[in-house]
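Student: The sequence and its predicted three-dimensional model are supplied below.
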Amino acid sequence: MSDTFSLGGRTVVVTGGGGGVGRGVALACARAGAHVVVASPRENGEETVALIAAAGGAATWVRCDVTGATDVQAAVTLAVERTGHLDAMVHNATSRRSGDPVRLEDADDTLLGDHMAVTLRATYHCATAALPHLRATRGAFVTMTSPAGMEGSFMLPLYGTVKAALRGFTKSVAREWAPYGIRVNTVSPLAVTPALAHAYQEDPGLEARTTSRVPLGRIGDPETDIGPPVAFLLGDGSRYITGQTLVVDGGRFMNL
């Protein structure tokens, strides 16, 4: 692997790395040579670490509820204590209710609060905890948005709202951190995840409708389709890219 695409010697924290897209990102980063700190609230993070170890990579699991600043800070501290530095932070964690279809008139403050805590407040926690260390390494920060945040999504008004806000946060921080040499980007993936599988169950016609709108004709795989582009944004090959939304969806959304 060329240096351009290598993460060798680097340390990456991935929130929500216990499954779905987060696991795919963790596996891809480890395959590129990074030591990955898998931050997840449940023990499935240990499963991700085991998969990385089985493939010859290096990883550490830390229990982390991203809605709490203390947990996020602990994850970053562990990464630095374990390896001596932090080179990248990927905030992938999202609400477990992300795929729950609900009309706006049926939503409530509890659902809104859940989306805001896991997506927006947690992004703030991740950014503030990582900043001092990313300044030292001139590192990278990546958030995960969604097509719902760019074009809206039927029956997902609150999810679409917070994902749209996340793009604004990412662009603003990209401008603020550019003088430090820190690159900040967001990725909009379309992948087979537990949340998407749940959405399919709730709406039996959703899978066929979604796939039919993807020019490449399939829904992405978290490890082989989504993880590598995220890993690219963390390495030297993307050193002149910041403040951007990288859409990784088989061509479904082309109107940026």
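Tutor: Structure's in. What do you need?

Student: Would you mind checking which helix or strand in the protein has the lowest mean pLDDT?
Tutor: Here the helix or strand of the chain ranked lowest by mean pLDDT, DSSP states H and E is helix 194-202, holding a mean of 75.

Student: Endpoint to endpoint, stretch 96-107 covers what distance?
Tutor: 15 Å (Cα to Cα, to the nearest Å).

Student: contacts for it?
Tutor: 111, 114-115, 154-159, 195-196, 198-199, 202-203 (Cβ atoms under 8 Å, 6 or more residues apart in numbering). Backbone N, C-alpha and C define where each C-beta goes, glycine included.

Student: Could you rerun that using 10 Å?
Tutor: Applying Cβ atoms under 10 Å, 6 or more residues apart in numbering, the external contacts of stretch 96-107 come out as 41, 108, 110-111, 114-115, 118-119, 146, 148, 153-159, 161-163, 193-203, 206.

Student: all strands of this structure, in order?
Tutor: 11-15, 35-40, 58-63, 88-91, 140-144, 183-189, 245-248 (DSSP state E).

Student: So for Asp225, which of those sits nearest?
Tutor: Among the strands of the chain, strand 245-248 comes nearest to Asp225, with 6.7 Å by Cβ to Cβ.

Student: tell me the mean pLDDT over the closest one?
Tutor: For strand 245-248, mean pLDDT rounds to 96.

Student: thinking again about what came up before, please spell out which residues along the least confident helix or strand of the chain are buried.
Tutor: 195-196, 198-200 (16 or more other Cβ atoms under 10 Å).

Student: hang on, the earlier thing: list buried members of the contacts of stretch 96-107 by neighbour count.
Tutor: 41, 111, 114-115, 118-119, 146, 148, 153, 155-159, 161-163, 193, 195-196, 198-200, 206.

Student: what's the burial count for the closest residue to Ala174 other than its chain neighbours?
Tutor: What sits nearest to Ala174 in space, not counting adjacent residues and going by Cβ to Cβ, 6 or more residues apart in numbering, is Gly243, at 3.4 Å. Residues lying near Gly243 (other Cβ atoms under 10 Å) number 17.

Student: list the contacts for Gly243?
Tutor: Applying Cβ under 10 Å, 6+ apart, the residues near Gly243 are 167, 170-175, 177-178, 183-186.

Student: Run through the residues that contact Asp203.
Tutor: The contact partners of Asp203, taken as Cβ under 10 Å, 6+ apart, are 99, 101, 154-155, 209-210.

Student: a markdown table for the strands of the chain, including mean neighbour count and distance to Ala130?
Tutor: Below are the strands of the chain laid out as a markdown table (neighbours: other Cβ atoms under 10 Å; distance: least, Cβ to Cβ, whole Å):
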| stretch | mean neighbour count | distance to Ala130 |
| --- | --- | --- |
| strand 11-15 | 31 | 7 |
| strand 35-40 | 30 | 11 |
| strand 58-63 | 20 | 14 |
| strand 88-91 | 30 | 4 |
| strand 140-144 | 26 | 6 |
| strand 183-189 | 24 | 11 |
| strand 245-248 | 18 | 19 |
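
Student: Would you reformat the ones you listed as TSV and include distance to Arg218?
Tutor: Below are these laid out as TSV (distance: least, Cβ to Cβ, whole Å):
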stretch	distance to Arg218
strand 11-15	24
strand 35-40	26
strand 58-63	28
strand 88-91	24
strand 140-144	20
strand 183-189	13
strand 245-248	13
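
Student: so which of these comes closest to Ala129?
Tutor: strand 88-91 (8.0 Å).

Student: Give me the helices and strands touching the closest one, please.
Tutor: When contacts are defined as 3 or more Cβ pairs under 10 Å, 6 or more residues apart in numbering; DSSP states H and E, strand 88-91 packs onto strand 11-15, helix 20-31, strand 35-40, helix 69-83, helix 122-137, strand 140-144, strand 183-189, helix 227-234.

Student: With that, I have no additional questions.
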